[in-house]
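Colleague: turn this into a model:
(one chain, ligands or ions: 2)
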Amino acid sequence: MREIKFNHVTFKYPNSQKILIDDQSFTLPTNKWISIVGHNGSGKSTIMRLLNGLLQPNKGQITIDNLVVNEQNLEEVHKLVGMVFQNPENQFVGSTVAEDVAFGLENYNVAPEEMPMIIKQALATVGMTKYENSLISDLSGGQKQRIAIAGVLAVRPQIIVLDEATSMLDPMGRESIMKLLRKLHDDGHYTIIMITHDLNEAELADHVLVLEQGKVLANGITEEVLSNSKLLKELQLAPATGEQIREKLISVGISVPDKYLKTEEMVRWLKQKLN
Ligand SMILES: Nc1ncnc2c1ncn2[C@@H]1O[C@H](COP(=O)(O)OP(=O)(O)OP(=O)(O)O)[C@@H](O)[C@H]1O
Ligand SMILES: [Mg+2]
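Modeller: Ligands and ions are numbered 1, 2, ... in the order given. Reported below is the predicted structural model:
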């Protein structure tokens, strides 16, 4: 079965009294773009650390397709699940771009003669070919995140997790990372899991998981989850732009489609109306 499955997973940090994830079961589709949303401290990062084996559940089991995430399979799991974190500064080991991307490969016994080609391919995918020999310290935040993604891609993962990877970037930096994710998604080879607080980013996904205090509150296709305005109000999350426009149009008595429209779809709908 091609899916990511959390089966009755319970987890508590060793130094904490509180059970953070209490008997949670859910599945996520593979080869899709998935957003994870929820308040600070709701367990988003923890769930992702459990997925890539950085943390082990106290009870229950996590599987990726047929592979059980456990200590025995850790190397395979790390290869399968690549992670990009919030702070671009904290994820580099090499001083140049090429060195840094190579470092990830060295951990996976890639033959040295194959490395230059793999590095070039990964840099081309993220649009950073020109920077192969640049110093990481000379790059902008958005460029650093692209290199972090290249480092992950070079290892040929199946799943790419971005844990608030755009939150420190300016709007242009964000936009360029979102475009890159769209491209990777459209390639069809990757499962992209993006943790975000921004529903304008979240709605770009195919699928949304909502967490609150370690519990899954919603898990389903994007339109279904994000049209649940009661849930979003409870979570105090501002709807995405398209949905805000839809609500405003309704409030002034303009009839609009009776379903969730992603912002892009709303723009198309408005354009058609105005023509
Ligand atoms: N290493 C740790 N040891 C003990 N408790 C931790 C540890 N890391 C996180 N926690 C606690 O677990 C809970 C969930 O944290 P987690 O980082 O998974 O939340 P999050 O949803 O990613 O939050 P944020 O949006 O702030 O990144 C929080 O209450 C946090 O204090
Ligand atoms: Mg987090």
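
Colleague: any idea which element the most centrally placed residue in the chain lies in?
Modeller: Nearest to the geometric centre of the chain sits residue 194, at 1.7 Å (C-alpha atoms, centre = their mean). Residue 194 belongs to strand 191-195 when elements are defined using DSSP states H and E.

Colleague: neighbouring contacts of the next helix or strand after that strand?
Modeller: As assigned by DSSP H and E, the chain's next helix or strand after strand 191-195 is helix 199-202. The contact list for helix 199-202 (C-beta atoms under 8 Å, 6 or more residues apart in numbering) reads 35, 37, 166, 174, 178, 194, 196, 208, 222, 226, 232, 237-241, 243, 263. To be clear about C-beta, it is placed using only N, CA and C from the backbone, and glycine gets the same treatment.

Colleague: what packs against the following helix or strand past helix 199-202?
Modeller: Once the chain leaves helix 199-202, the next helix or strand it forms, by DSSP H and E, is strand 207-212. Using 3 or more C-beta pairs under 8 Å, 6 or more residues apart in numbering; DSSP states H and E as the contact test, the elements touching strand 207-212 are strand 21-29, strand 33-37, strand 215-221, helix 222-226.

Colleague: tell me the pLDDT of residue 171.
Modeller: The model reports residue 171 with a pLDDT of 86.

Colleague: quick one, what contacts it?
Modeller: With C-beta under 8 Å, 6+ apart as the criterion, no residue contacts residue 171.

Colleague: from ligand 1, how far off is it?
Modeller: 20 Å (C-beta to the nearest ligand atom, to the nearest Å).

Colleague: from now on call the first residue 528
Modeller: Taking 528 as the first residue, the last one we looked at is residue 698.

Colleague: need phi/psi at that residue.
Modeller: phi -50, psi -40 (degrees, to the nearest 10).

Colleague: just the buried subset of the contacts of helix 726-729, written out for PyMOL, thanks.
Modeller: The buried residues among the contacts of helix 726-729 can be selected in PyMOL (16 or more other C-beta atoms under 10 Å) with this line:
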select buried, resi 562+564+693+701+705+721+723+735+749+753+759+764+766+767+768+770+790
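
Colleague: output the set of residues of this protein in proximity to ligand 1.
Modeller: Residues of the chain found near ligand 1 (C-beta under 6 Å from any ligand atom) are 540, 542, 543, 547, 565, 567, 568, 569, 570, 571, 572, 573.

Colleague: among those residues, which are located in helices?
Modeller: 571, 572, 573 (DSSP state H).

Colleague: CSV for these, including neighbour count, pLDDT and distance to residue 774?
Modeller: Below are these laid out as CSV (neighbours: other C-beta atoms under 10 Å; pLDDT from 0 to 100; distance: C-beta to C-beta, whole Å):
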residue, neighbour count, pLDDT, distance to residue 774
571, 23, 96, 26
572, 19, 96, 31
573, 18, 97, 33
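
Colleague: from these, pick the one nearest residue 534.
Modeller: residue 573 (16.6 Å; C-beta to C-beta).

Colleague: pretty sure that closest one is touching residue 547, no?
Modeller: Yes - the criterion here is C-beta atoms under 8 Å, and residue 573 meets it with residue 547 at 6.1 Å.

Colleague: okay, and the common contacts of those two?
Modeller: In contact with both residue 573 and residue 547: 538, 540, 741, using C-beta under 8 Å, 6+ apart.

Colleague: pull out the buried residues from those residues.
Modeller: 538, 741.

Colleague: hey, where'd the strands end up in the stretch 578-727 of the chain?
Modeller: 586-591, 594-595, 608-611, 686-690, 718-722 (DSSP state E, counting those that start in this stretch).

Colleague: pLDDT weak spots in the stretch 628-777 of the chain?
Modeller: The stretch 628-777 of the chain contains no residues with pLDDT under 70.

Colleague: helices of that one, start to end?
Modeller: 642-652, 668-681, 698-714, 726-729, 749-753, 756-761, 768-778 (DSSP state H, counting those that start in this stretch).

Colleague: so of those helices, which one's packed in deepest?
Modeller: When those are scored by mean count of other C-beta atoms under 10 Å, the highest mean neighbour count falls to helix 668-681 (a mean of 24).

Colleague: quick one: that helix to helix 642-652, angle?
Modeller: Using axes from the mean of the first three to the mean of the last three C-alpha atoms, to 10 degrees, one finds that helix 668-681 and helix 642-652 are set 130 degrees apart in direction.
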